[in-house]
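Asker: Sequence isn't available, so here's the structure alone:
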């Protein structure tokens, strides 16, 4: 029985409910942003190291590299802010797809962090042996002096390596646990970028990421190249044969140093420029693929050994390659962004329905009638989803959805007359009352002394994020109750604010 109770308790941690976007936003707002909290400490430690290097006359800093690191770091911070909502949305999408979703609990942070560190090892290692991914990592190795500001040198396009972390998401960890594990890993890697700290206890040096171990990774000597990929744990390097202790002082930087050490555009994209140049001079598809995906070391040796005397390919041919590639990307973008035409829902007591772009679902608003056919005077209007993304399933709105996004507020004005307002746009009063023609309840908008019968609401979203969409306009499709003429009322939020 004890064993059965244990497995029952363990199984209870799986199969958590799917996350609604609004509910995740509320959870995220209450989750500490570790990197934001740590920024003051990062700044103080960096300034302290800089001052100590000047007092002790160490050659750890140069003005050009310091400027380059700060510009790259600021740009990376901006990119992270812009992509935060999109990355979190991908994590939620993966989480909701899985049947073994792990409940939100801090104990799950431990296995999540270990698995994240394992994936980080392979992401890092592959980035050193594949030129396509190396181009998004090379900026981190471009400094010829080793100090805490090197940690700021994170590529502006490093998020292409998110593919290496899908195994973490597929384990079913809660997206916020995933987020905290990622922040912890990023913060841990800050302190190892220094020469101020010497070797630590042998046990720590063997099994954990330390300044000594990471100095080896940044060394350009033959014995140090492509060693010590671990972020927090060095166990993976021992298992997969990439561990190396620090022996002589490393020589930092790239095998082919950059002349421009402070321009963030050069630091971030010089390898991409080199790839394009190599492809222009390539001889056939095989060589194109080699320049794209071979290891940087092999490409370097190949180019050094073979002196190429070919004339540059015709610019027309290169433009044709780019044009074909651009056309394919445009076609792919059109396929991915295409929105299906949504059907008009049918319901006996429907008042109106709401749709928006981009989206592929519908919210239906109808009379809230009891079994005896009487209207619920306290909550006369109810709403529910038609989820076309889920084979047209009908679902209730979540509590967050009713309160902040798609719900309505109702107030009885007099007998059989109610004021109704959308919680997302409470400025517009609507009136639920009986039609003089058939004595059935209808929803009207009053304008210029006319009763306009509301049939459909369309919301056009133009940018913004998933949680904070930028609504361009709202279209209200109505009928004049006197003559039946169709009328469109548009509320332009970009103009009206």
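Answerer: Okay, I see it. Worth saying up front: this structure is predicted, and the values here are computed from it rather than measured. Residues are numbered from 1 along each chain as shown.

Asker: Please, where are all the strands along the chain?
Answerer: Under the criterion DSSP state E, the chain contains strands at 350-357, 362-367, 381-387, 393-396, 408-414, 417-422, 425-434, 441-447, 450-464, 469-480, 486-492.

Asker: Which strands or helices does the last one pack on?
Answerer: In terms of contact count using 3 or more C-beta pairs under 8 Å, 6 or more residues apart in numbering; DSSP states H and E, strand 486-492 is assigned the packing partners strand 469-480. All C-beta atoms are positioned from the backbone trio N, CA, C, and that covers glycine.

Asker: do the fifth one as well
Answerer: Applying 3+ C-beta pairs under 8 Å, 6+ apart, one finds that strand 408-414 contacts strand 381-387, strand 417-422, strand 425-434.

Asker: Can you tell me the number of residues neighbouring the closest residue in space to residue 263 that isn't next to it in sequence?
Answerer: Among residues not flanking residue 263 along the chain, residue 68 sits closest, at 7.1 Å (C-beta to C-beta, 6 or more residues apart in numbering). By the measure other C-beta atoms under 10 Å, the count of residues near residue 68 is 25.

Asker: Residue 68 and residue 262 touch, don't they?
Answerer: Yes: look at residue 68 against residue 262 with C-beta atoms under 8 Å: they come within range, at 4.1 Å.

Asker: residues shared between the contacts of these two?
Answerer: Shared contacts of residue 68 and residue 262 (C-beta atoms under 8 Å, 6 or more residues apart in numbering): none.

Asker: list the contacts for residue 156?
Answerer: By C-beta under 8 Å, 6+ apart, the contact set of residue 156 is 72, 75-76, 79, 268.

Asker: Highest mean neighbour count across the helices and strands packed on strand 408-414, which stretch is it?
Answerer: strand 381-387 (a mean of 18; mean count of other C-beta atoms under 10 Å).

Asker: and it, which strands flank it?
Answerer: If you go by DSSP bridges, strand 381-387 pairs up with strand 362-367 (antiparallel), strand 393-396 (antiparallel).

Asker: What count of nearby residues applies to the nearest residue to residue 270 once chain neighbours are set aside?
Answerer: Distances taken as C-beta to C-beta, 6+ apart place residue 258 nearest to residue 270, at 6.4 Å, with adjacent residues excluded. By other C-beta under 10 Å, 18 other residues sit near residue 258.

Asker: What segments of the stretch 51-200 of the chain are helices?
Answerer: 63-97, 109-129, 131-134, 166-170, 175-188 (DSSP state H, counting those that start in this stretch).

Asker: low pLDDT regions in the stretch 251-400 of the chain?
Answerer: Applying pLDDT under 70 to the stretch 251-400 of the chain flags residues 306-317, 330-341.

Asker: Which residue lies nearest the spatial centre of the chain?
Answerer: What sits nearest the mean C-alpha location of the chain, by C-alpha atoms, centre = their mean, is residue 87, with 1.2 Å.

Asker: so who does residue 187 touch?
Answerer: Counting by C-beta under 8 Å, 6+ apart, residue 187 touches 34-35, 38.

Asker: which residue packs closest to residue 362, ignoring adjacent ones?
Answerer: residue 386 (4.5 Å).

Asker: er, residue 266 I mean
Answerer: Nearest non-adjacent residue to residue 266 (C-beta to C-beta, 6+ apart): residue 260, at 4.5 Å.

Asker: Surely that neighbour touches residue 268?
Answerer: No: between residue 260 and residue 268 there is no contact under C-beta under 8 Å: 11.5 Å.

Asker: distance of residue 488 from residue 447?
Answerer: 12 Å (C-beta to C-beta, to the nearest Å).

Asker: More neighbours: the two, which one.
Answerer: residue 447 (13 against 10).

Asker: Let's see the pLDDT reported for that one.
Answerer: pLDDT, residue 447: 85.

Asker: who does it bridge with?
Answerer: Going by DSSP bridges, residue 447 forms beta bridges with residue 450.

Asker: I'd say it and residue 489 touch.
Answerer: Yes: between residue 447 and residue 489 there is a contact under C-beta under 8 Å: 7.1 Å.

Asker: and the closest residue to residue 318 other than its chain neighbours, how many neighbours?
Answerer: Leaving aside its sequence neighbours, residue 318 sits nearest to residue 280 (C-beta to C-beta, 6+ apart; 5.2 Å). Per other C-beta under 10 Å, the neighbour tally for residue 280 reads 16.

Asker: repeat for residue 402
Answerer: 16.

Asker: which one is it nearest to, not counting chain neighbours?
Answerer: Nearest residue to residue 402, sequence neighbours excluded (C-beta to C-beta, 6+ apart): residue 383, at 7.3 Å.

Asker: From residue 66, how far out is that neighbour?
Answerer: Per C-beta to C-beta, residue 383 is found 56 Å from residue 66.

Asker: do residue 146 as well
Answerer: 13 Å.

Asker: returning to what we had before: quick one: which of the contacts of residue 156 is nearest residue 153?
Answerer: Checking these against residue 153 by C-beta to C-beta gives residue 72 as the nearest, at 5.0 Å.

Asker: Near the closest one, how many other residues are there?
Answerer: Neighbour tally, residue 72, other C-beta under 10 Å: 26.

Asker: can you check residue 277 too?
Answerer: Other residues close to residue 277 by other C-beta under 10 Å number 12.

Asker: Let me see the domain layout of this structure.
Answerer: 13-338, 350-496 (automatic domain parsing).

Asker: Mean neighbour count, the ones you listed: which tops it?
Answerer: Of the domains of the chain, domain 13-338 is the most buried (mean count of other C-beta under 10 Å), at a mean of 16.

Asker: Low-confidence ranges, the stretch 1-150 of the chain, go.
Answerer: 1-13, 15, 21-32.

Asker: Find the nearest non-adjacent residue to residue 481, please.
Answerer: Once flanking residues are discounted, residue 481 sits nearest to residue 451: 4.3 Å by C-beta to C-beta, 6+ apart.

Asker: still on that earlier bit, how much space between the residue nearest to residue 402 and residue 78?
Answerer: Distance from residue 383 to residue 78, by C-beta to C-beta: 38 Å.

Asker: Residue 440 now?
Answerer: Residue 440 is 55 Å from residue 78, by C-beta to C-beta.

Asker: try residue 284
Answerer: Residue 284 is 40 Å from residue 78, by C-beta to C-beta.

Asker: who's in contact with the residue nearest to residue 402?
Answerer: 363-366, 397, 402, 406-408.

Asker: show me what contacts the closest residue in space to residue 149 that isn't next to it in sequence?
Answerer: Of all residues not flanking residue 149 in the chain, residue 69 sits nearest, at 3.8 Å (C-beta to C-beta, 6+ apart). Neighbouring residues of residue 69 by C-beta under 8 Å, 6+ apart: 143, 149-150, 152-153.

Asker: And residue 151, by the same measure?
Answerer: 189-190, 193 are the contacts of residue 151 under C-beta under 8 Å, 6+ apart.

Asker: If we use 6 Å, what do you get?
Answerer: 190, 193 (C-beta atoms under 6 Å, 6 or more residues apart in numbering).

Asker: how far away is it from residue 191?
Answerer: In terms of C-beta to C-beta, residue 151 sits 8 Å off from residue 191.
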